[in-house]
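Visitor: Attaching a predicted model along with its sequence, questions to come.
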Amino acid sequence: MSYTSGNLNGMLETSARLLRLLSLLQTRRDWPGHTLAERLQVSPRTVRRDVDRLRELGYPVRATKGPEGGYRLDAGAQLPPLLFDEEQAVAIAVALQTATTSVEGIAEPALRALATIRQVMPVRLRHRVETLQVVNVTRPGPSAVRAEDLLAVAEALRAREVLRFDYAGSAQDGPPRRAEPHHLVMWRGRWYLVAWDLDRQDWRTFRVDRMRPRPPHGPRFTPRPLPSEDVHTYISERFSPPPLPCRGTFLLRMPVDEVARWARRDAVVEPVDADWCRVTASSWSWRALAAWVGLFDADVKVVGPDELVAATREVAARYARAVP
């Protein structure tokens, strides 16, 4: 079979238009037919023919009713080829490189998906992704979540259904735990479920790697308000360490920006003048706080309180005795 240049150009034009149409259908739920025709600079009849071609390729494009009529790309039984813009493609490629340490069983599918995306990327995008190569030296450890458990928890959360599950540390032969799932959260490499515990009648934070969901889920529920402003605040309050009991103040003869660079996370560093700065910090004991400030290569003046003054004298005497 032979093609003339006109036929070949027509086929290329149609293919390019189909890709453009598919890209538009993926960006919003409903598209009026005349709007698609205007975007593609074709007639509504051509749009209808292109929609039929997409259906033949397996894309579930449904005609919508209404005064104007239009089209919608629905979810199908199988996953058809997808189109991503440049920023989406780069974001997905980078995410796939870092997705293998917290969930068991997705390392090999993630690498295959990454290879598929990189294979069809334009050269300029492939170079951008390759400059962001991530070497994952962490393997899924004991706290890694099984993919099927994570999906089961997420399904109950989406449906607002009571989750039944066994939990490590609970009685092995006892009844399953019951909770109303509120949020799935990743905190410092671990997955947690924030939920209302129906048996204890209180909010709880469950580690998902310790959960074994028991299908089917329970009845639907109306979500309760969190005891904090939002889930980020709740998790921060839940996992933040308690305040250290000993807090005191020093003067350091050192630039304020240099002190701030190495100070403790809870320390407050303030400039006093061109030479000195004030440092207020905490520790688990007064002597530990006095020893910590000695790590700075600078003159120190103890401001207080009295317990810190006494502890500094004790530490100084101890070091004096250490030198013959």
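Guide: Structure received.
Visitor: Please report the distance of the residue most central in space within the chain from residue 168.
Guide: Nearest to the geometric centre of the chain sits residue 186, at 6.5 Å (Cα atoms, centre = their mean). Going from residue 186 to residue 168 by Cβ to Cβ, to the nearest Å gives 19 Å. C-betas here are computed from N, CA, C, even on glycine.
Visitor: How many neighbouring residues does residue 299 have?
Guide: Close neighbours of residue 299, defined as other Cβ atoms under 10 Å, add up to 11.
Visitor: Could you pull out the strands in the stretch 101-250 of the chain for me?
Guide: 103-104, 145-146, 163-167, 177-187, 190-197, 202-207, 211-213, 246-252 (DSSP state E, counting those that start in this stretch).
Visitor: Using PDB, write down the CA coordinates of the fourth one.
Guide: Right, strand 177-187. Output of strand 177-187 as PDB, limited to C-alpha atoms (Å, rounded to 0.1, in the frame of the first residue of the first chain):
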ATOM      1  CA  ARG A 177     -10.200  -2.800  66.800                       C
ATOM      2  CA  ARG A 178     -12.800  -0.400  65.400                       C
ATOM      3  CA  ALA A 179     -12.200   3.100  64.400                       C
ATOM      4  CA  GLU A 180     -13.500   5.900  62.200                       C
ATOM      5  CA  PRO A 181     -10.700   6.900  59.900                       C
ATOM      6  CA  HIS A 182     -10.100  10.600  59.600                       C
ATOM      7  CA  HIS A 183      -6.700  11.200  57.800                       C
ATOM      8  CA  LEU A 184      -3.800   9.200  56.400                       C
ATOM      9  CA  VAL A 185      -0.500  11.000  57.200                       C
ATOM     10  CA  MET A 186       3.100  10.300  56.500                       C
ATOM     11  CA  TRP A 187       5.400  11.500  59.300                       C
END
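Visitor: Residue 209: neighbouring residues, count only.
Guide: 21.
Visitor: how much space is there between it and residue 56?
Guide: Counting by Cβ to Cβ, the gap from residue 209 to residue 56 is 45 Å.
Visitor: And the pLDDT for residue 141?
Guide: You'll see residue 141 listed with a pLDDT of 51.
Visitor: what do you get for residue 207?
Guide: Confidence score, pLDDT, at residue 207: 90.
Visitor: Just give the number of residues close to it.
Guide: If we define neighbours as other Cβ under 10 Å, then residue 207 has 16 of them.
Visitor: you'd agree it is up against residue 192?
Guide: Yes - counting by Cβ atoms under 8 Å, residue 207 touches residue 192, with 6.0 Å between them.
Visitor: Quick check: buried residues in stretch 178-193?
Guide: By neighbour count on 16 or more other Cβ atoms under 10 Å, the buried set for stretch 178-193 is 178-185, 191-193.
Visitor: quick check, nearest of those to residue 37?
Guide: Proximity to residue 37 was ranked across the buried residues of stretch 178-193 by Cβ to Cβ; first place goes to residue 184, at 42.1 Å.
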